[in-house]
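Asks: Sharing a model that was predicted from the sequence below.
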Amino acid sequence: MRIIKTGKILTPDTLLEGHFILEHGGIIEGILPLSEMPWAEALSDEKMEFPPDSVALPGFFDHHAHSFGRGLSLIYPNLSAAKSLDEAGEIIRANLDFPERPVIFTEYDDSGWGQEPDRNWLDGITGDVPVVLRRVCGHKAVANTAACRLLPNPEMADKNGILLEDAALYLFNIFRPSADTAKRAALAAQEECLRLGITGIREIGNQLAFSVWQSLEAEGLLAISVEFYFIHTALAHLAELGIRTGFGGRLRIGGVKVFLDGSIGARTARFKRPYADTRGRGVLTCTPDDLAAILKTASAAGIRVLTHAIGDEAIEMALSVYRETIDPGNPMGHTIEHAEAISQKGLDMAAEMGVVLSVQPNFLQWQAPGGLYEKALGRRRARSLNPFRRMLGRGARVLFGSDSMPPGPQYGIGLAINHPNPDERIEPLQALALYSETELTLGQPFVVTITNGLPGDTVYSAFA
C-alpha cells in the first residue's frame, strides 16, 4: 500500500484539496480526506509527499507521437537550437564525427532564419562527409552531394538537394541506424516521456520502430504504454493476419496512418488557395479512391485509420470520403490528424459522423502574429487555423497530441489556453482532459502525473 499526498487532486468532477491517494498493486484504492491519513499510514509501506502547490493529474497520453523518431533526434546531432543559418553551420561543423553515415542532423526549423539551407551551402561546410538535414516537420530534408550519392534513387532529391514527403518522412528507413543506436534512441525517448509526465503514447512509425519497442517490452524495459500505428502500406498484412485494433498488452496494435498532404512549413499541405509566399497550393499524396479503399479494408478488418490532413482541401477530401465510407453507427475512432485548416462545414461533418479530430496545440508556436503560418498563408487564414474552442463547442471528438514537435503536454496545454486567436482559447481543465487517456478515479491503474501548478514547470510521474 502506498500513500500519495499532493496539494490538489484532479478528479472527473472537481479539483480536490485536503485529500490523498491510496494506491495498492498499481490500482487506486481510495481518494481520501486527510483526516483518514493516520490509519492509512499504519497500513502503508511507502509515503510520497509532494509540494503544497502540486496537483495530481491523470498520466498524460500523447495521442500523436513519433517517439522513436524523437529518440533518434536525441541521439543524432540536433539543430533545434540553431536560430540562424550561420548557427546551424556551426553545429554541423562540430558534429561531423558522428559515427553513423550519413550524419543526419534533425529538427532544424528555418522559419526564422531568413535563408533556407540547400545542397551548395551544405557542401561548403561538410566536404566529402555525407550529411542530411531533416526539418522539424519531417516533411522536408536537405542532403549534400555526398549524401545524394547514397540515395537508392537519385531522383529522390532535386538539384538543390531537397527531399520532400516520403523521401524525408522515411529518412531513417532509407538510412537505418545501427541496432545499438536504435535501442539507445528508444530508451532516450521513453526517459523523456516519463520526465514530462507522459505515461502513454499513440506511436506512429515503421517496422523498425515497432521492432525496437517490441524488444524493450521483451526485455522488461518498456515503462510506458505504446499504441502503435503503422504506415497504411502494412494494412493488408495486418488484415490478413486478423490483427485488430487493441491487440497486445503494454505494446498494442492501434492501426494504420495514411497521408493526404504535407506540412505548412514545407509548403506541401494542400490548400484550395495558393500560399501567400510561394503561390503553390501544396500536394495531395493520396486519391479519394485510394483513401476509400483503405478505409473499407480497415473497417472490415476492425483496424483504425489515422488520416493526416492539414490543408483545407485535404481535410474536405478526407471528410467527404469518410462520409461515403464509414458506418455512422460505428466510426471506430477513425481520425483526422492535425485538421489545422478545418472549416465550419468540416467541423459540422466531423461532429455529425463522430470522426475524431486529433490536433496538436504545440503547433500554435507557429501561429503567432508575424510567424511562420502568417508568412505562408497571410494574416487572415493563419488566424483561422486550429479552432480548438469551436471544435469543442460544436461537439466534435477532440484529442491532443504533440507530433513530437516537441513532446511535452504542459507546453501544448499552455499554448491551448493562450491561443494566438483569443476566440479559440480553451479552459485549462478542458486542455488537461484532452491530453489524458484515463480519468483519476477508483479502480483505475495508478498512472498519475504530479505537477507544480496548472500548468507549471515541474512534472513528476508516479507509478506502481
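Replies: Cool, the structure landed. Numbers count the residues shown, from 1 in each chain.
Asks: make it CA atoms for all contacts and neighbour counts henceforth
Replies: OK.
Asks: Which neighbouring residues are in contact with the spatially most central residue of the chain, exactly?
Replies: When the chain is reduced to its mean C-alpha position, the nearest residue by CA atoms, centre = their mean turns out to be Asp403, at 2.2 Å. Contacts for Asp403 (CA atoms under 8 Å, 6 or more residues apart in numbering) come out as His64, Ala65, His66, Gln360.
Asks: among those, who's most crowded?
Replies: Among the contacts of Asp403, the one with the most neighbours (other CA atoms under 10 Å) is Gln360, at 28 neighbours.
Asks: Next, that one: phi, psi?
Replies: phi -120, psi 100 (degrees, to the nearest 10).
Asks: With His334 instead?
Replies: Residue torsions, per degrees, to the nearest 10, at His334 are phi -60, psi 140.
Asks: so how far is stretch 333-341 from its chain's centroid?
Replies: From the chain centre to the centre of stretch 333-341 is a distance of 12 Å (CA atoms, centre = their mean, to the nearest Å).
Asks: now swap in stretch 196-216 and tell me
Replies: Distance, centroid of stretch 196-216 to centroid of chain: 12 Å (CA atoms, centre = their mean).
Asks: Run through who's touching that stretch.
Replies: Outside stretch 196-216, the residues within contact range by CA under 8 Å, 6+ apart are 59-68, 173, 182-183, 186, 193, 222-231, 251, 254, 257, 408-409, 437, 447-450, 459-461.
Asks: Show me which positions of that stretch end up buried.
Replies: Neighbour-count burial for stretch 196-216, counted by 16 or more other CA atoms under 10 Å, picks out 196-206, 208-210, 212-214, 216.
Asks: Out of those, which sit inside strands?
Replies: Ile198, Thr199, Gly200, Ile201, Arg202, Glu203, Ile204, Gly205 (DSSP state E).
Asks: Using a markdown table, lay out the residues you listed together with distance to Pro369 and pLDDT.
Replies: Formatted as a markdown table, those follow (distance: CA to CA, whole Å; pLDDT from 0 to 100):
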| residue | distance to Pro369 | pLDDT |
| --- | --- | --- |
| Ile198 | 30 | 92 |
| Thr199 | 34 | 90 |
| Gly200 | 33 | 93 |
| Ile201 | 31 | 96 |
| Arg202 | 31 | 97 |
| Glu203 | 31 | 98 |
| Ile204 | 31 | 97 |
| Gly205 | 33 | 94 |
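Asks: Out of the residues you listed, the closest to Asn144 would be?
Replies: Nearest to Asn144, judged by CA to CA, of these is Gly205 at 25.6 Å.
Asks: Model confidence for the residue nearest to the centre of the chain, exactly?
Replies: In this model, Asp403 is scored at 96, pLDDT.
Asks: Could you pull out the helices in the stretch 301-450 of the chain for me?
Replies: Here the stretch 301-450 of the chain has its helices, by DSSP state H, counting those that start in this stretch, at 312-325, 344-353, 372-377, 379-383, 388-393, 409-416, 428-434.
Asks: one step back: just flag the most distant two among the contacts of Asp403.
Replies: Pairwise distances across the contacts of Asp403 peak at 12.8 Å for His66 and Gln360 (criterion: CA to CA).
Asks: just to revisit the earlier point, from the ones in strands among the buried residues of stretch 196-216, which is closest to Pro177?
Replies: Closest approach to Pro177 among these (CA to CA): Gly205, at 14.5 Å.
Asks: so how far is Val132 from that closest one?
Replies: Look at Gly205 and Val132: by CA to CA, to the nearest Å, they are 20 Å apart.
Asks: Which positions within the top helix by length along the chain qualify as buried?
Replies: Counting residues, the longest helix in the chain under DSSP state H turns out to be helix 179-195. The neighbour-count check on helix 179-195 (16+ other CA under 10 Å) flags 181-195 as buried.
Asks: helices and strands around that helix, which ones?
Replies: helix 67-75, helix 207-218, strand 459-463 (3 or more CA pairs under 8 Å, 6 or more residues apart in numbering; DSSP states H and E).
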